[in-house]
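# coordinates for the following, if possible.
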Amino acid sequence: MKITVVQNRTSPLLEQLLAVWEGAVRATHSFLSEHELQQIKKIVPQALAEVPRLIIVETDHQAPAGFMGINGQHLEMLFISPQERGTGLGKALLEYGLANYSINDLAVNEQNPLAKGFYEHMGFVEYKRTAHDEQGQPYPLIYMQPGAKN
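The predicted structure follows:
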């Protein structure tokens, strides 16, 4: 496993990350319709290009196998390819972000209980809920911050 801070966001890399994103979302976001997924997919490349810190994780199996984006101390995104879920890559990325960028909050879809459980396992606790996501869609968000370690 290799964690790298991306300096050069090339088109081929962004295409690979979009594929990771799509695989992860299809595996975990069953609440999205195909139309909604395709609409969101259109804005993901811009989000990947603009997030201040983009960090990837690579394995022998797939490069990249996952990524996270950080803005200040806020975790904007963390996605792991479905083939690599449960192998510790998400934990490694989050620990890297906590150690190097002092991540102090994140938002997770309420309808993605596996992600919420992962963050709780990593010591995050809920501090706020919203009825809609940041685009105003009816997808409740749970905002979390580091709390007591489990």
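# what ranges do the helices span in the protein?
Taking DSSP state H to define them, one finds helices in the chain at 11-28, 34-50, 89-101, 113-121.
# out of those, flag the one nearest residue 77.
helix 34-50 (7.1 Å; Cβ to Cβ). C-betas here are computed from N, CA, C, even on glycine.
# which strands and helices lie in contact with that closest one?
Contact analysis of helix 34-50 by 3 or more Cβ pairs under 8 Å, 6 or more residues apart in numbering; DSSP states H and E lists helix 11-28, strand 66-71 as its packing neighbours.
# correct me, but residue 84 touches residue 67?
No - under the criterion of Cβ atoms under 8 Å, residue 84 makes no contact with residue 67, lying 11.4 Å away.
# settle it for me: which of those two has more neighbours?
More neighbours surround residue 67 than the other of residue 84 and residue 67, with 28 against 21 (other Cβ atoms under 10 Å).
# what's the burial count for the residue lying closest to residue 9 once chain neighbours are set aside?
With Cβ to Cβ, 6 or more residues apart in numbering as the criterion, residue 9 has its nearest non-adjacent residue at 5.6 Å, and that residue is residue 49. Look at residue 49: counted by other Cβ under 10 Å, it has 11 neighbours.
# same check, this time on residue 58
Neighbour tally, residue 58, other Cβ under 10 Å: 16.
# ok, and the closest non-adjacent residue to it?
Here the residue nearest residue 58, using Cβ to Cβ, 6+ apart, is residue 2, at 4.7 Å.
# contact partners for that neighbour?
Contacts of residue 2 were listed using Cβ atoms under 8 Å, 6 or more residues apart in numbering, and they are 57, 58, 59.
# now it: how far from residue 65?
Distance from residue 2 to residue 65, counting by Cβ to Cβ, to the nearest Å: 10 Å.
# repeat for residue 98
Counting by Cβ to Cβ, the gap from residue 98 to residue 65 is 20 Å.
# more crowded one of those two?
residue 65 (24 against 17).
# next up, the contacts around that one.
Taking Cβ under 8 Å, 6+ apart, one finds 20, 57, 58, 59, 80, 81, 83, 84, 89 in contact with residue 65.
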